[in-house]
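>>> Got a predicted structure here, sequence first:
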Amino acid sequence: MSLLASIPFNKPYLSGQELAYIQQALRNGKLSGNGWFTQQCQRFFEQRYGIRKALLTTSGTAALEMAALLLDLQPDDEVIIPTFTFTSTANAFVLRGAHIVFADSLPEHPNLDAAQLESLITSRTRAIVVVHYAGVACDMTAVMQLAQRYNLFVIEDAAQAIDSYYQRRPLGSIGHLAAFSFHETKNVIAGEGGLLAINDAQFQVRAEIIWEKGTNRAAYFRGETARYQWVDVGSSYLASELNAAYLWAQLENLASIQTQRQQQWEQYYSALAPLAAANFFSLPTVPSYALHNWHIFYLLCRTDEERTALIQHLGAHNILAVFHYQTLHDSPFYTARHDGRKLPNASFYADHLVRLPLFFELTPADQQRIIKVIQEFYALVANNS
């Protein structure tokens, strides 16, 4: 085992003002949410990204659950989602009784293959959920045109995609609804937190009611209604003001966070390109229509066994690298409900993708150490082949 200091896969970042803003929230005497910091964060998304209405939530999962509630799904309504995603993407709609129809990934990227979507649409289809994996945009022109043709809703799972763009349009501003995450592994964090983006006016009023536990509380405190009443279904989706205070400090430093991550991502890419050119692994691809946010850097190994060996080799040098999603269509929970289609591209990513450490405080020296260990691993592979 290496005696060198451990390099974690991720490290939550303090930009400098988080604790001061939390103390300010305490002095303000408003901790339960929808205070000054909540409103600042929401306004940031509305003004910077052109979102009609933004609502800060307890998590990205909560934002997805709100989206599912807003669609008024009925039992056996169908929702198309990618199989290569986190369970929250599917759970939000399963909880409403929907049947999930899984879409395969692109051959060249983990995002769903928009060209295959039309073949999955039936008379029961209500919505398409896209996941912008690694902050790289799906083909939103194709998705939105298909949704318009079949009168479907589009929900963007933009959990990884803050400050990413599709043809200069911010991700999260294109679909009818969108969900962001501020989990500690994301570019911008609140420990736990999320945001629902409402881009279709028909959902705006009801979204706020669902957000406020099914009440018209927010409208009441704005003086828009005479009584504070239970008027619809809802739950406790509103984030704490303490989380909002932490998040606001991060949003104020978004530019520096993104610059740092871009430098790290590009350093990995350039340093590992010779090994990729020698066909030891593949590097990430980014379509020409996408401007990504450098959220994830991954390698695509040649085999599952080689990936496992690489992860173990990095671990022996005190470097934590991880694989990512296992496909949902063949999960223990959903395999019996799946229609039996093989989804080979997504299965490939589940078996071959490995994520490298990428976080704000990753030093150049530590990144060079990671790169060197990867180079040493593949030198051993070449010598043994």
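Cool, the structure landed.
>>> Now do the same for Thr225: its pLDDT.
Thr225 carries a pLDDT value of 89.
>>> Please identify the helix or strand for the closest residue in space to it that isn't next to it in sequence.
Excluding the flanking residues, the one nearest Thr225 by C-beta to C-beta, 6 or more residues apart in numbering is Ala219, at 4.9 Å. C-beta coordinates here come from the backbone N, C-alpha and C atoms, glycine included. For Ala219, the element it lies in under DSSP states H and E is helix 217-221.
>>> Give me the contact list for that helix.
Asn34, Glu208, Trp211, Glu212, Thr225, Arg227, Tyr228 (C-beta atoms under 8 Å, 6 or more residues apart in numbering).
>>> I figured the first one was touching Ser240, is that so?
No - distance between Asn34 and Ser240: 10.0 Å, which falls outside the contact criterion (C-beta atoms under 8 Å).
>>> What pLDDT is listed against the residue nearest to Thr225?
What the model reports for Ala219 is a pLDDT of 89.
>>> Could you report the distance from it to Ala278?
Distance of Ala219 to Ala278, computed by C-beta to C-beta, to the nearest Å: 62 Å.
>>> Tell me which of the two has more neighbours.
Using other C-beta atoms under 10 Å as the criterion, Ala219 and Ala278 rank with Ala219 on top: 16 against 10.
>>> Output the contacting helices and strands for the following helix or strand past the helix holding Ala219.
As assigned by DSSP H and E, the chain's next helix or strand after helix 217-221 is helix 241-252. Under the contact definition 3 or more C-beta pairs under 8 Å, 6 or more residues apart in numbering; DSSP states H and E, helix 241-252 sits against helix 18-28, helix 36-49, strand 53-57.
>>> For whichever helix or strand comes after helix 241-252, which helices and strands make contact with it?
Later in the chain than helix 241-252, the nearest helix or strand by DSSP H and E is helix 254-277. Helix 254-277 sits against strand 281-282, helix 364-384, with contacts defined as 3+ C-beta pairs under 8 Å, 6+ apart.
>>> Settle this for me: Leu314 is touching Ile374, isn't it.
Yes - taking C-beta under 8 Å as the definition, Leu314 is a contact partner of Ile374 at 7.4 Å.
>>> who has more neighbours, the two?
Ile374 (25 against 22).
>>> ok, now how distant is the nearest residue to that one once chain neighbours are set aside from Ile371?
Once flanking residues are discounted, Ile374 sits nearest to Leu272: 6.7 Å by C-beta to C-beta, 6+ apart. Applying C-beta to C-beta, the value for Leu272 to Ile371 is 7 Å.
>>> So those two - more neighbours on which side?
Leu272 (21 against 17).
>>> tally of neighbours for Glu156?
For Glu156, using other C-beta under 10 Å, the count is 29.
>>> Validate this expectation: it resides in a strand.
Yes - counting by DSSP: H, G, I helix; E, B strand; the rest coil, Glu156 is located in a strand.
>>> So what pairs up with it in the strands?
Val130, Ala178 (DSSP bridges).
>>> for Leu196, same thing?
When bridges are called by DSSP bridges, Leu196 pairs up with Leu55, Ala179.
>>> mind giving me the domain ranges of this protein?
18-252, 254-384 (automatic domain parsing).
>>> Of these, give the one that comes closest to Phe9.
Nearest of the domains of the chain to Phe9, taken as C-beta to C-beta: domain 254-384 at 4.3 Å.
>>> Give the rounded mean pLDDT of the closest one.
Mean per-residue pLDDT for domain 254-384: 98.
>>> returning to that earlier point: please point out which parts of the helix holding Ala219 sit buried.
Neighbour counts over helix 217-221 (16 or more other C-beta atoms under 10 Å) mark Arg217, Ala218, Ala219 as buried.
>>> ok, of those residues, which one's closest to Leu283?
Closest to Leu283, out of all of the buried residues of helix 217-221 and judged by C-beta to C-beta, is Ala218, at 46.4 Å.
>>> Deepest-packed of the helices and strands packed on helix 254-277, please.
strand 281-282 (a mean of 18; mean count of other C-beta atoms under 10 Å).
>>> and the helix or strand Arg126 falls within, what does it pack onto?
Using DSSP H and E, Arg126 sits in strand 125-131. When contacts are defined as 3+ C-beta pairs under 8 Å, 6+ apart, strand 125-131 packs onto strand 78-82, helix 87-94, helix 140-150, strand 153-157.
>>> export the ones you listed to CSV and tack on mean pLDDT and distance to Gly193?
Shown next, in CSV, are those (pLDDT from 0 to 100; distance: least, C-beta to C-beta, whole Å):
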stretch, mean pLDDT, distance to Gly193
strand 78-82, 98, 22
helix 87-94, 98, 14
helix 140-150, 98, 25
strand 153-157, 99, 15
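>>> Tabulate those in CSV, adding columns for distance to Gly172.
Output for these, formatted as CSV (distance: least, C-beta to C-beta, whole Å):
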stretch, distance to Gly172
strand 78-82, 17
helix 87-94, 15
helix 140-150, 11
strand 153-157, 6
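>>> Minimum distance to Leu120: which of these has it?
Comparing those by C-beta to C-beta, strand 78-82 comes nearest, at 5.3 Å.
>>> helices or strands up against the closest one?
Using 3+ C-beta pairs under 8 Å, 6+ apart, strand 78-82 sits against helix 87-94, strand 99-103, strand 125-131.
>>> chain center to that strand, what's the gap?
Centre-to-centre, strand 78-82 and its host chain are 16 Å apart (C-alpha atoms, centre = their mean, to the nearest Å).
>>> Next: stretch 318-328.
On C-alpha atoms, centre = their mean, the centre of stretch 318-328 falls 15 Å from that of its chain.
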